[in-house]
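Participant: Sequence and predicted structure below; questions after.
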Amino acid sequence: MKKWLSALGIKSETKTEEPVPPAPKVYQSPALNLLHHQLRHNRKYHILDLAPACGTNVDFFSQFACKIYIEDLHRTLTSFDFLSPEDGFSYEKVFEYLLPYWKNTQFDVIMVWDLFNYLEIEEFEHLVQHLAQFCRTGTLLFALISTRKYISERPTSFKIIDHNHLLYENNSTVLRRCPKYQQSDLTQVMPNFEIGNSFLLRNGFKEYLFSCK
């Protein structure tokens, strides 16, 4: 067909297709499994999820007596109209504005997912400081830190399949540099939390379950 068009002096147009993100994959999640066992007590939990609302994740936590707070923090941060330093800008004020909770609010679980990979060290530090105000001793924080040189431009969507499995869904084919936070960085930036458990996965992520001191 292309040869016939060329002979007739007609240029054929070839469609350029947008790259398609890889198909979602399911991986084991030993840190989620530990978190699940920690929640199996007969009391009410307050859970903060810093990712977009996901029905399957809400259903998973709803098996426990709980109140779930959902904040799509990455999207909010990237669309937030930051003030300049001359206008009194500070990350402390930003997080007070974006995550306003009553002084007596105490979370039992915070699901950070892979958000930390998309924060500069100063943002990371101030976010954790802000969250620590609403944690009690023993509050659990679930996070996935990438060990790869590059990560997707936008955070991965995680869906809980069961207490031991997560579905990973990439939202972009565009890559950005990963800060590759080491355990020493986490200890320095998160003085109010200690590492309870960590698991290096074959997919390039390291799962952490932190506990508030």
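Facilitator: Everything's here; your move.
Participant: Now do the buried residues in the longest helix anywhere in the chain.
Facilitator: Assignment by DSSP state H gives helix 121-132 as the longest helix of the chain. Buried residues in helix 121-132, counted by 16 or more other Cβ atoms under 10 Å: Glu123, Phe124, Glu125, His126, Leu127, Val128, Gln129, His130, Leu131, Ala132. C-beta here means a position set from N, CA and C on the backbone, and glycine is covered the same way.
Participant: Repeat that for stretch 179-191.
Facilitator: Residues of stretch 179-191 classed as buried: Pro179, Tyr181, Asp185, Leu186, Val189, Met190 (neighbour count, 16+ other Cβ under 10 Å).
Participant: Apart from its chain neighbours, what residue comes closest to the last one?
Facilitator: Counting by Cβ to Cβ, 6 or more residues apart in numbering, Val128 is the residue found nearest to Met190 once chain neighbours are left out, at 5.0 Å.
Participant: what's near enough to touch that neighbour?
Facilitator: Each residue near Val128 by Cβ atoms under 8 Å, 6 or more residues apart in numbering is listed here: Val189, Met190, Asn192, Phe193.
Participant: follow-up on the earlier one: would you mind identifying the next helix or strand past the longest helix of the chain?
Facilitator: Counting by DSSP states H and E, the element after helix 121-132 in chain order, helix or strand, is strand 135-146.
Participant: so that following strand versus helix 121-132, what angle?
Facilitator: Taking axes from the mean of the first three to the mean of the last three Cα atoms, to 10 degrees, one finds strand 135-146 and helix 121-132 inclined to each other by 150 degrees.
Participant: Show me what the mean pLDDT comes to for strand 135-146.
Facilitator: Taken as a whole, strand 135-146 has a mean pLDDT of 97.
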